[in-house]
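Undergrad: Compute the structure for the input listed below.
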Amino acid sequence: MKVNFANVYKFTGVVLLLLIFVGCSSDSDAAGDSADPEATNLVFWAPFSGGDADFMRDLIANFNEAHEGIEVEYLTVPDSEYYTKIRTSVTSNQAPDIAISHASRIAELQSSNLIENLDEFASEAAVDWDSYNQNILSSTIINDQHFAIPLDTHALIMYANKDILEEAGVLDSNGLPIVGEGADGFIDFLSTIKENTSDDIFPLAATSSGYSALRVWWTLYSQMGGELLNEAGTEAAFNNEIGLEALHYMEELMDQGLWPRNIQNGGEIFTANRAGIHINGVWMTGALENNESLNFVALPIPQLFGEQATWGDSHTFVLPANQNQTEEKKVASLLFADWVAENSASWAEAGHVPSKTSVVESNEFNELPYRKDYAELTDYVSFMPSSSKTTGISDSIARHISTFMSGQTNAQETLDILEQDINNILSN
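TA: Residues are numbered from 1 along each chain as shown. As a prediction, this is how the structure comes out:
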């Protein structure tokens with residue numbers, strides 16, 4: 001008989017009360033224990049490690065306890081081989097029932113027929129798309145079709161050392177940085193830190209190579225309203241005045257000694273109390289707050305140009321293509337994903353901002369330190385454009401901007417070479 005999981009979800013509270021009353025208990029105490037043969041058993045893959053993995057295990061255990069008819073088994077796959085294993089599992093018809101994908105990877109997975117359209121099963125799982133932040137949700141939609149349920153957004157933010165800023169005279173009475181307006185205001189702010197602190201203090205410490213440099217450039221370029229590709233997604237569209245201006249601004253920060261070249265690990269410098277400002281992803285929040293010697297605030301990156309924007313991505317739930325998966329399992333998988341998103345305040349402890357508006361507005365989320373101070377970015381986080389060539393494009397940008405940051409090419413040369421490289425990727 002077909003199980004209506006939407007009704008299971010709605011009556012979860014009643015079921016729990018009955019279980020408590022009669023003294024029943026679940027067959028397992030943690031996610032990943034032996035499956036209940038009478039339940040709908042789901043295999044879930046994710047590339048999480050460290051604190052992320054621990055928080056997800058707790059959420060799964062809570063879900064399994066709350067849903068008598070569904071049992072989720074959690075398997076962690078190393079990040080370095082995760083997407084290769086997803087592809088292999090689908091082609092060998094051994095895919096998990098549900099899996100995590102970054103929003104930036106969805107177009108690649110969809111174009112290779114590795115994931116399924118969710119619309120056919122979402123309504124039966126009682127998924128309310130309007131309950132999600134629409135900016136985050138937009139990163140999971142292709143041709144007006146839903147291909148993922150977003151769990152969060154993890155974006156680039158600004159961390160500030162309050163002790164260093166106070167010494168420099170750029171901390172207000174509320175313990176917040178005093179940053180002037182626009183691009184010039186930010187340079188003046190960093191210059192004041194440099195002038196009023198010792199020579200071993202970095203005004204700005206951010207890793208100046210790889211994806212870290214890409215994220216800074218994308219943030220600046222997005223604030224100017226820039227587009228990475230043309231509307232058809234067939235050609236590069238960033239070799240222009242504002243793409244150049246974004247690189248020149250990064251160059252000016254380096255030339256003035258505000259963001260020194262060749263920083264290998266900006267996080268280490270900031271953690272050691274040797275930097276006024278650090279730019280990194282929200283995932284740093286959990287690690288930084290465990291450092292008792294560090295007195296800091298976590299805030300959105302200032303609006304330096306025309307509009308507020310910052311680089312970001314999202315962890316999402318997808319259904320890998322699986323010929324053997326029943327409709328019952330697909331509905332149960334989406335019910336699980338939606339439940340985790342609805343109960344993800346604990347997931348925010350890792351620094352991520354939940355995808356559901358109700359969670360961001362909840363007391364549980366707002367009682368967490370730091371997170372509410374940058375939660376506004378959900379409305380303007382700027383995702384890289386959806387493309388089946390996203391990985392190759394991102395790797396190319398990171399590589400060429402790293403070369404620029406090291407001083408081996410100038411800004412215009414960088415854009416010229418990068419444009420040619422991206423167009424070659426898109427044409428193959």
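Undergrad: most centrally placed residue in the chain?
TA: Residue closest to the mean C-alpha point of the chain, counted by CA atoms, centre = their mean, is His154 at 2.7 Å.
Undergrad: pLDDT wise, what is that residue at?
TA: At His154, the pLDDT value in this model is 97.
Undergrad: buried residues in stretch 244-263?
TA: 244-247, 249-251, 253-254, 258-260, 263 (16 or more other CB atoms under 10 Å). The C-beta positions use only the backbone N, C-alpha and C, and glycine is treated the same way.
Undergrad: ok so, going back, so is the residue nearest to the centre of the chain in a helix, a strand, or just coil?
TA: Put simply, His154 is strand when judged by DSSP: H, G, I helix; E, B strand; the rest coil.
Undergrad: what's near enough to touch it?
TA: Residues near His154 by CB atoms under 8 Å, 6 or more residues apart in numbering: 281-283, 312-315, 351-353.
Undergrad: re the thing from before, tell me which of the buried residues of stretch 244-263 fall in helices.
TA: 244-247, 249-251, 253-254 (DSSP state H).
Undergrad: Which member of those residues is positioned nearest Ser139?
TA: Ser139 lies nearest to Ala246 out of these, by CB to CB, at 21.4 Å.
Undergrad: give me every residue that touches Phe365.
TA: Taking CB under 8 Å, 6+ apart as the criterion, Phe365 is in contact with 345, 348, 354, 359, 371-372, 375.
Undergrad: what's the pLDDT at it?
TA: With respect to pLDDT, Phe365 scores 97.
Undergrad: Asn324 now?
TA: 85.
Undergrad: Can I take it that it is in a helix?
TA: No. Checked against three-state DSSP, Asn324 lies outside a helix; its state is coil.
Undergrad: Once you drop chain neighbours, what's closest to it?
TA: Once flanking residues are discounted, Asn324 sits nearest to Asn93: 6.5 Å by CB to CB, 6 or more residues apart in numbering.
Undergrad: Ok, Val381 next?
TA: Using CB to CB, 6+ apart and skipping the chain neighbours, the partner closest in space to Val381 is Gly312 (3.4 Å).
Undergrad: What of Asn291?
TA: Leaving aside its sequence neighbours, Asn291 sits nearest to Thr271 (CB to CB, 6+ apart; 5.8 Å).
Undergrad: wait, Phe189 sits on Pro177?
TA: Yes. Applying CB atoms under 8 Å as the test, Phe189 and Pro177 come out as touching, 7.0 Å apart.
Undergrad: list the contacts for the residue nearest to Asn291?
TA: Contact analysis of Thr271 by CB under 8 Å, 6+ apart lists 287-288, 291, 294.
Undergrad: Any of those residues buried? List them.
TA: 287-288, 294.
Undergrad: Include pLDDT, distance to Met158 and secondary structure when you put those into TSV, please.
TA: Listed next are these as TSV, based on pLDDT from 0 to 100; distance: CB to CB, whole Å; DSSP: H, G, I helix; E, B strand; the rest coil:
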residue	pLDDT	distance to Met158	secondary structure
Ala287	90	16	helix
Leu288	96	12	helix
Leu294	97	15	coil
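Undergrad: Show me how the protein divides into domains.
TA: Here the domain assignment for the chain is 5-151+314-342, 155-312+382-427, based on automatic domain parsing.
Undergrad: Identify whichever of the ones you listed lies nearest to Asn363.
TA: Per CB to CB, nearest to Asn363 of the domains of the chain: domain 5-151+314-342, 15.0 Å.
Undergrad: wouldn't Leu244 be in contact with Leu415 here?
TA: Yes. Checked against CB under 8 Å, the pair Leu244 and Leu415 is within contact range at 6.2 Å.
Undergrad: Now do the end-to-end distance for stretch 354-368.
TA: 13 Å (CA to CA, to the nearest Å).
Undergrad: scratch that, stretch 71-90 is what I was asking about
TA: One end of stretch 71-90 sits 22 Å from the other (CA to CA).
Undergrad: what's the average pLDDT for that stretch?
TA: Averaged over stretch 71-90, pLDDT sits at 97.
Undergrad: For that stretch, buried residues please.
TA: Within stretch 71-90, the residues that count as buried by 16+ other CB under 10 Å are 71-74, 76-77, 82-83, 85-87, 89-90.
Undergrad: Check stretch 223-232 too.
TA: By neighbour count on 16+ other CB under 10 Å, the buried set for stretch 223-232 is 223-224, 226, 228-229.
Undergrad: Do you have the helices of the stretch 1-150 of the chain handy? List them.
TA: With DSSP state H, counting those that start in this stretch applied, the stretch 1-150 of the chain shows helices at 5-10, 12-22, 50-66, 82-91, 106-111, 119-122, 134-138, listed in chain order.
Undergrad: err, the stretch 201-350 of the chain, not the other one
TA: Using DSSP H, counting those that start in this stretch, helices in the stretch 201-350 of the chain cover 210-223, 241-255, 266-271, 284-289, 327-342.
Undergrad: okay if I get the ones you listed as CSV plus distance to Asp97?
TA: Output for the helices of the stretch 201-350 of the chain, formatted as CSV (distance: least, CB to CB, whole Å):
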stretch, distance to Asp97
helix 210-223, 30
helix 241-255, 42
helix 266-271, 36
helix 284-289, 29
helix 327-342, 5
